[in-house]
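Visitor: Okay, sequence plus prediction incoming.
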Amino acid sequence: MGRVHVEESALVNLKNDFGTAGESYKANYNKLTNLISEITSGHIQGDPANELLRKYEEKKEAFEKVYEMISSTQDHVNGRAEQFVNDVDSLMKNMR
């Protein structure tokens, strides 16, 4: 059986990269939903607005699921990151 080697810095980088991408998605999702609110309230009108609203409605469930998954994963990762590093360290010590 091969040796498992996980650098703590790699885990930190992965957590940070996921956090950055997640925050970017969430910010863009919030911008999109604000724009959709402007369209549905009648403040923005016209064919492009109607087309955007139609496309948004087609994908709304997927957008929301991704948003929820990112939020849930970020909460879990933030709460468990230290424990995971400790578990990996313990595993590495036991494999020696």
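Guide: Thanks, I have the structure now.
Visitor: what residues does stretch 55-67 touch?
Guide: Residues from elsewhere that reach stretch 55-67 (Cβ atoms under 8 Å, 6 or more residues apart in numbering): Tyr25, Lys26, Tyr29, Leu32, Ile36. Where C-beta positions appear, they are placed from N, C-alpha and C, glycine not excepted.
Visitor: residue contacts, the third one?
Guide: When contacts are counted by Cβ under 8 Å, 6+ apart, Tyr29 is found next to Phe63, Val66, Tyr67.
Visitor: So it: helix, strand or coil?
Guide: Three-state assignment for Tyr29 (DSSP: H, G, I helix; E, B strand; the rest coil): helix.
Visitor: Let me know the distance separating Asn16 from Glu64.
Guide: Counting by Cβ to Cβ, to the nearest Å, the gap from Asn16 to Glu64 is 25 Å.
Visitor: mind listing the helices for this structure?
Guide: For the chain, the helices defined by DSSP state H occupy 8-40, 47-95.
Visitor: Figure out how far the longest one is from the centre of its chain.
Guide: Right, the one you point to is helix 47-95. Distance of helix 47-95 from the chain centroid (Cα atoms, centre = their mean, to the nearest Å) equals 4 Å.
Visitor: and it with helix 8-40, angle?
Guide: 160 degrees (axes from the mean of the first three to the mean of the last three Cα atoms, to 10 degrees).
Visitor: ok so, going back, would you mind putting the contacts of Tyr29 into JSON lines with neighbour count and pLDDT alongside?
Guide: Shown next, in JSON lines, are the contacts of Tyr29 (neighbours: other Cβ atoms under 10 Å; pLDDT from 0 to 100):
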{"residue": "Phe63", "neighbour count": "15", "pLDDT": "96"}
{"residue": "Val66", "neighbour count": "15", "pLDDT": "95"}
{"residue": "Tyr67", "neighbour count": "16", "pLDDT": "95"}
